[in-house]
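In: Sequence and predicted structure below; questions after.
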Amino acid sequence: MFVRLGLAAVVAASISSAAMARDYVSIAGSSTVLPFSTIVAEAAGKRPGVKTPVVESGGSSVGKKGACTGIGTENIDIGNASSRMKVSELDVCAENNVEVTEIKVGYDGIVLASDRSGPELDVTREQLWLALAANVPNAEGTAFVPNFYTTWNEIDASLPNIAIRVLGPPTTSGTRASWEEMVNEKGGCKQNAAAKAILKAEGKSAKTCRPLRTDGGYVEAGEQDNLIVQKLQEDNSSFGVFGFSYLDQNSDVLQAAKVGGVAPTFEDIAAGDYPVSRSLFFYIKKAHVGVVPGIQEYAREWTKHWGEDGILAESGMIPMGEDERAVYADAIENLPTLTADMLD
C-alpha cells in the first residue's frame with residue numbers, strides 16, 4: 001500500500017511540475033468530431049478563468065492512442081473519436097498505466113456525396129462493398145479476387161456508367177474504420193451469398209472483407225474532409241466519403257447518395273433509419289484532470305450545447321436522447337474508468 005501511494009505521489013508531482021509549461025487543454029483526434037469540439041472549445045474559452053482549449057485533427061486513431069499514451073503534459077488531455085475504443089486500444093492504456101473516461105456526445109451519419117452537377121446515386125451497402133472492397137468474389141462466386149469493377153454499372157445496370165472513383169479518409173480515420181465495418185463487413189460480406197459461401201469454405205471471418213481497394217477506385221484524400229469537398233467540386237464524376245456535418249454545411253454545392261433508398265437526413269440518422277450511422281466520443285485522460293486546468297470545464301461545456309436545440313445540432317451533429325445525455329453528463333462529473341467489460 002505504501003509503495004502504491006508513493007508511486008501515485010511521484011506521478012502527481014511529475015505532472016504538476018510539467019504542467020507549468022501548459023495551462024490549456026490539449027485535444028486531438030477525429031476530423032468528424034473536430035468542428036463540434038472546436039465550437040465547444042471556443043464557448044468554454046469565453047468562461048471566466050478558462051483558456052480556450054487547443055483542438056487538432058489527426059484521425060480517431062490519433063485521438064485514442066493519444067488518450068492512452070503516458071501521463072504528462074507533453075501528451076494530449078482528451079482524444080476525439082468517431083469510432084468507439086476497442087479492447088485492443090484500451091490495452092494500450094493499461095500498458096501505459098493510463099485510465100480514461102469515455103464520453104459519448106452524439107451521433108453522425110457517414111455519407112457518400114458528389115457535386116450537385118454530377119449523377120445521382122442510390123446504392124445498397126452490398127453494391128458499395130463491391131465497388132470499393134480490395135477483394136470481391138470472382139465471376140463464378142468460388143473465390144475472392146482483387147476488385148475488377150471499374151465502372152458503377154458493371155455492378156448493377158441501374159447504376160451510372162461512370163468510373164468508380166471515391167475520395168475518402170486514410171487508415172488513421174474513425175470514419176474509415178466505421179465505413180469498413182458497416183459497409184464492407186456487415187452490409188457486404190454478411191449479405192452477399194457468394195461471399196458467405198467463400199468465407200465458410202475458407203473458415204474465415206467477415207472481418208477479412210473490410211480492407212478497401214488501393215488501385216485508384218478508392219483514393220485516400222487525407223484527414224481534412226473540407227479538402228474532399230473542394231475536390232468534388234473540381235470533378236463531378238467522383239464521390240467522397242465523410243461525416244454528415246460536412247454535407248450539411250455544403251448542401252448548396254453537394255448532393256448525397258441514398259443508401260438502401262434512404263437519404264442521409266438529420267431525421268433519418270437520428271431515427272436509426274439511415275444504414276451508415278455511428279456514435280461520436282471523446283476520451284478524458286483522468287490523471288490530467290485537476291492538474292491541467294480546464295479539462296472538466298471543457299467537458300461540462302458540451303452538456304450546454306448537445307441538446308436538440310443546441311448549437312451542435314445546428315452544426316450537423318445528431319443529438320442523443322435525454323436519457324443518454326443524462327448518463328454522460330453524470331460521467332463528466334464522476335469520471336468512471338473505462339474497462340474492457342464496458343466495451344462491446
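Out: Ah, there it is. Residues are numbered from 1 along each chain as shown.
In: so Glu102, which of the three states?
Out: Of the three states, Glu102 takes strand under DSSP: H, G, I helix; E, B strand; the rest coil.
In: Name all residues that make contact with it.
Out: Shown in contact with Glu102 (C-beta atoms under 8 Å, 6 or more residues apart in numbering): 84-85, 281, 283, 331, 338, 342. Yep, even glycine has a C-beta here, placed from its N, CA and C like the rest.
In: In ChimeraX, how would I select just the buried ones from the residues you listed?
Out: Of those, the buried ones go into a single ChimeraX selection, burial set by 16 or more other C-beta atoms under 10 Å:
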select :84,85,281,283,331,338
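In: Could you dump the contacts of Glu102 into JSON lines with secondary structure and distance to Ala270 added?
Out: Converted to JSON lines, the contacts of Glu102 look like this (DSSP: H, G, I helix; E, B strand; the rest coil; distance: C-beta to C-beta, whole Å):
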{"residue": "Arg84", "secondary structure": "coil", "distance to Ala270": "19"}
{"residue": "Met85", "secondary structure": "coil", "distance to Ala270": "23"}
{"residue": "Phe281", "secondary structure": "strand", "distance to Ala270": "17"}
{"residue": "Tyr283", "secondary structure": "strand", "distance to Ala270": "24"}
{"residue": "Ala331", "secondary structure": "helix", "distance to Ala270": "22"}
{"residue": "Leu338", "secondary structure": "coil", "distance to Ala270": "26"}
{"residue": "Met342", "secondary structure": "helix", "distance to Ala270": "24"}
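In: how about the strands in the stretch 201-344 of the chain?
Out: With DSSP state E, counting those that start in this stretch as the criterion, the stretch 201-344 of the chain has strands at 218-220, 239-243, 254-256, 258-259, 277-285.
In: now the closest residue to Glu297 other than its chain neighbours: how far from Tyr298?
Out: Of all residues not flanking Glu297 in the chain, Val50 sits nearest, at 5.0 Å (C-beta to C-beta, 6 or more residues apart in numbering). Noted for Val50: a distance of 7 Å to Tyr298, by C-beta to C-beta, to the nearest Å.
In: Could you pull out the residues contacting both of those two?
Out: Ala44.
In: quick one, which of the two is more surrounded?
Out: Neighbour totals were compared for Val50 and Tyr298, and Tyr298 leads with 29 against 18 (other C-beta atoms under 10 Å).
In: Highest mean neighbour count out of the strands of the stretch 201-344 of the chain?
Out: strand 239-243 (a mean of 28; mean count of other C-beta atoms under 10 Å).
In: Number of residues surrounding Gly118?
Out: Gly118 is flanked by 19 other residues according to other C-beta under 10 Å.
In: quick one, phi psi at the closest residue in space to it that isn't next to it in sequence?
Out: Excluding its sequence neighbours, the residue lying closest to Gly118 (C-beta to C-beta, 6+ apart) is Asn236, at 3.7 Å. Here is the backbone geometry of Asn236 (degrees, to the nearest 10): phi -80, psi 0.
In: In this structure Asn236 contacts Ser117, no?
Out: Yes - counting by C-beta atoms under 8 Å, Asn236 does reach Ser117; the two are 4.6 Å apart.
In: Do you know the pLDDT at the nearest residue to Thr214 once chain neighbours are set aside?
Out: What sits nearest to Thr214 in space, not counting adjacent residues and going by C-beta to C-beta, 6+ apart, is Ala134, at 6.8 Å. pLDDT, Ala134: 98.
In: so what's Ala134 up against?
Out: Ala134 touches 146-147, 211-214, counting by C-beta under 8 Å, 6+ apart.
In: which one of those residues is nearest Met182?
Out: Among these, Leu212 lies closest to Met182 (C-beta to C-beta), at 13.0 Å.
In: dump the residue contacts of that closest one.
Out: Contacts were defined as C-beta under 8 Å, 6+ apart; by that measure Leu212 touches 132-134, 168, 176, 180, 184, 218.
In: can you redo those residues as CSV with secondary structure and distance to Ser26?
Out: Formatted as CSV, the contacts of Leu212 follow (three-state DSSP; distance: C-beta to C-beta, whole Å):
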residue, secondary structure, distance to Ser26
Leu132, helix, 35
Ala133, strand, 37
Ala134, coil, 36
Gly168, strand, 27
Arg176, helix, 24
Glu180, helix, 29
Asn184, helix, 34
Tyr218, strand, 32
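In: and which of those residues is nearest to Ala256?
Out: Gly168 (14.4 Å).
In: Identify the residue spatially nearest to that closest one, adjacent ones excluded.
Out: Closest to Gly168 by C-beta to C-beta, 6+ apart is Val241, at 3.7 Å.
In: what's the answer for Lys86, then?
Out: That would be Leu343: by C-beta to C-beta, 6+ apart, it lies 6.9 Å from Lys86.
In: just how off-centre is the helix or strand hosting Gly106 within its chain?
Out: Here Gly106, judged by DSSP states H and E, is contained in strand 100-115. Centroid separation for strand 100-115 versus its chain: 5 Å, with C-alpha atoms, centre = their mean, to the nearest Å.
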